[in-house]
Each structure stands twice: as structure tokens, then as C-alpha cells.
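Colleague: Please work out how this folds:
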Amino acid sequence: MAPIRSLLLLVTCLLAACGGGGAGDPAPAPPPSELVTFAFRVRSAGAQQEFRYATSSPTLIARARSQLLLPVAARSQFPIGPIAAGSGGVNLNWNWHFTDLAFTDAAIALCDGTPTLVEADLPYWLNTVKSFCPWGGYVDAEVTGIYPLKRLAVGESREIAQEAMRIDVVDVSDSRCPAAAICVTAGFVTVGLNVRLGSGSPQRLTVTLDAGGRDQQTVFSGYRFTLDRLDPYPVTGPVPSEQYRADITVRKL
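Modeller: Down below sits the predicted model:
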């Protein structure tokens, strides 16, 4: 019996050394929660009344996405929840944000309104009402936060409606070495932009792309602007400014 006992002891020790899959083993770390931003609007109020909320709640994400599968007219459930001061880093240029949010079919009239009404009297809404429930509100879109803008010409404007952003391409400076030339340095390109958020004043930004890996990514008001490509590449000499086309990516941070 001694050899059998020895064999059993050896197997037991090996299982213990390898963890053995016992109940005391630490559970694997859960995957990171998905953070999703949803854009809301108020019926008949226009894009200027858009507001945002970011959540990692699987239940709320599923609820919002199920609403988005319906035609806009059929999205009868509206948002409701407590609000606090500041944009919360997600609620565009509003000086308030939801601290929690749910969908409902009915609510008291006290918290009904529009984003502009809340903004116009923040002390009342934050300290007295303490919540927001626009009866005409509905989920309008799931915001990806990444916006590739292709083939932008000098003097052209593009709008990112989800972010209430307008981008104007102001100018291009290209010092890249022409393909048919021999140069001491490779050179680089810069594209000047005017960026307007909401009703704010335009902000002048510069994005850079060069051959040396020193690309300049500009960050403004929670967004990163990157120059991905500028065509055409000069062959024998300077390119007329009206011929340039820029690919720019705007990424919400």
C-alpha cells in the first residue's frame, strides 16, 4: 500500500503546486466596462438643443440602442435624472450634466424643459429642481467620437453635427522636398484651421505632418485634431493652394 500512498501524495502535491483549479483560486479580472456616449435632442427644438450623456451601464446602453432602432417619431421614452454643475467632460458646451440617467414614459412637469432653460437659470435647476426630464427629449445617436474628414480644400468648411462643431480650412504651408529634387531636409506641411464649437468664437489651430515623425497633434476643448494626409505631393515645385486636399481626423478625448 505504501507505493499507492506515495503516488497519491505526489498527485496531490502536483495539483496544489499548479493551483489545481480549486475554489480558492482568484477569479479572472473582468473585462473593462464599455463607455458609450449618447446624444439626445428635444423634439422641434433643433440641433442647438442637443445634450450628451456617457454611461458604462449595460442595461442603459441596451435600452438606448433599442430606442435607436425605432423611427425617431416612435422613440417615446425620454431621459430623466439628477443633474450637477459643469459639463462633466461630455455634455458639449453646457454648464450642467446628468450624474445619472434613465428612460421614462412619464414624469412631473417640474423637471420638464430644454437645455437652454436649464442653462439660463442654473441655480434654480441645480439647487431647487435638481433634475432634468425634457418631455420632448429622445435619444438621437450613439456618438463614436472619431470623425475622419476627407479631401478638405483650402477655404472649405465642414460641420460635425454630433459635436456642434464647424471646421474651416484657412491655409496650407508646404515645405516638403519635391519628388524630383534633392534637398538637405525633407520639409513638412502645416494646415491652418478655424474651429468653432457651438456658438463660441472660432479658435485658430495648426496641424502638422512631416517626414521626420514629428507630427503635431493639436488638442482643443477635449478634441484632438490630426493631419493624416495632404495631397498632392509636390513633384517639381510648389503646388497651387487651391489644389491641396487634406485628410484630417477629429477625435473626442
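Colleague: Helix, strand, or coil at the residue nearest to residue 77 when sequence neighbours are not counted?
Modeller: Leaving aside its chain neighbours, residue 77 sits nearest to residue 103 (4.1 Å; criterion: CB to CB, 6 or more residues apart in numbering). Any C-beta I mention is one placed from the backbone N, CA and C, and that applies to glycine too. Here residue 103 is strand, with the state taken from DSSP: H, G, I helix; E, B strand; the rest coil.
Colleague: Compute the distance between residue 103 and residue 45, please.
Modeller: 19 Å (CB to CB, to the nearest Å).
Colleague: Give me the more crowded residue out of the two.
Modeller: residue 103 (19 against 15; other CB atoms under 10 Å).
Colleague: if I read this right, that one contacts residue 75, doesn't it?
Modeller: No: if you go by CB atoms under 8 Å, residue 103 and residue 75 don't touch, sitting 9.4 Å apart.
Colleague: In CSV, could you pull the C-alpha coordinates for the host helix or strand of residue 138?
Modeller: Residue 138 belongs to strand 137-143 when assigned by DSSP states H and E. Taking Å, rounded to 0.1, in the frame of the first residue of the first chain, the C-alpha atoms of strand 137-143 are listed here in CSV:
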residue,chain,number,x,y,z
GLY,A,137,-36.4,64.5,-25.3
TYR,A,138,-35.3,61.4,-27.2
VAL,A,139,-32.0,59.6,-27.9
ASP,A,140,-30.8,60.8,-31.2
ALA,A,141,-27.5,59.0,-31.9
GLU,A,142,-24.7,56.9,-30.4
VAL,A,143,-21.6,59.1,-30.6
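Colleague: Mind giving me the packing neighbours of that strand?
Modeller: Counting contacts by 3 or more CB pairs under 8 Å, 6 or more residues apart in numbering; DSSP states H and E, strand 137-143 packs against strand 36-42, helix 58-68, strand 78-85.
Colleague: For the stretch 151-253 of the chain, give me the ranges with low pLDDT.
Modeller: Along the stretch 151-253 of the chain, the parts satisfying pLDDT under 70 run over 211-215.
Colleague: Apply 90 and report the result again.
Modeller: 159-164, 181, 183-187, 198-200, 209-224, 237-238, 249, 251-253 (pLDDT under 90).
Colleague: Quick one: the strands in it, in order.
Modeller: 157-160, 165-174, 188-197, 203-210, 218-220, 223-231, 245-252 (DSSP state E, counting those that start in this stretch).
Colleague: quick one: contacts for residue 245?
Modeller: Counting by CB atoms under 8 Å, 6 or more residues apart in numbering, residue 245 touches 151-153, 230-231.
Colleague: Show me which of these are buried.
Modeller: 152, 230 (16 or more other CB atoms under 10 Å).
Colleague: Next, format the contacts of residue 245 as JSON lines and append distance to residue 249.
Modeller: Listed next are these as JSON lines, based on distance: CB to CB, whole Å:
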{"residue": "151", "distance to residue 249": "13"}
{"residue": "152", "distance to residue 249": "11"}
{"residue": "153", "distance to residue 249": "17"}
{"residue": "230", "distance to residue 249": "13"}
{"residue": "231", "distance to residue 249": "15"}
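Colleague: thinking again about what came up before, anything in contact with each of residue 103 and residue 75?
Modeller: With CB under 8 Å, 6+ apart, residue 103 and residue 75 have common neighbours 67, 139.
Colleague: Which one of the helices and strands packed on strand 137-143 lies nearest to residue 165?
Modeller: Judged by CB to CB, the one of the helices and strands packed on strand 137-143 that comes nearest to residue 165 is strand 36-42, at 12.7 Å.
Colleague: Show me what the closest one is packed against.
Modeller: Counting by 3+ CB pairs under 8 Å, 6+ apart, strand 36-42 packs on strand 51-55, helix 58-68, strand 137-143.
Colleague: Point out the most buried one among the ones you listed.
Modeller: Stretch with highest mean neighbour count among the helices and strands packed on strand 36-42: strand 51-55 (a mean of 22; mean count of other CB atoms under 10 Å).
Colleague: Please find the angle between the direction vectors of that strand and helix 58-68.
Modeller: Put simply, strand 51-55 runs at 140 degrees to helix 58-68, going by axes from the mean of the first three to the mean of the last three CA atoms, to 10 degrees.
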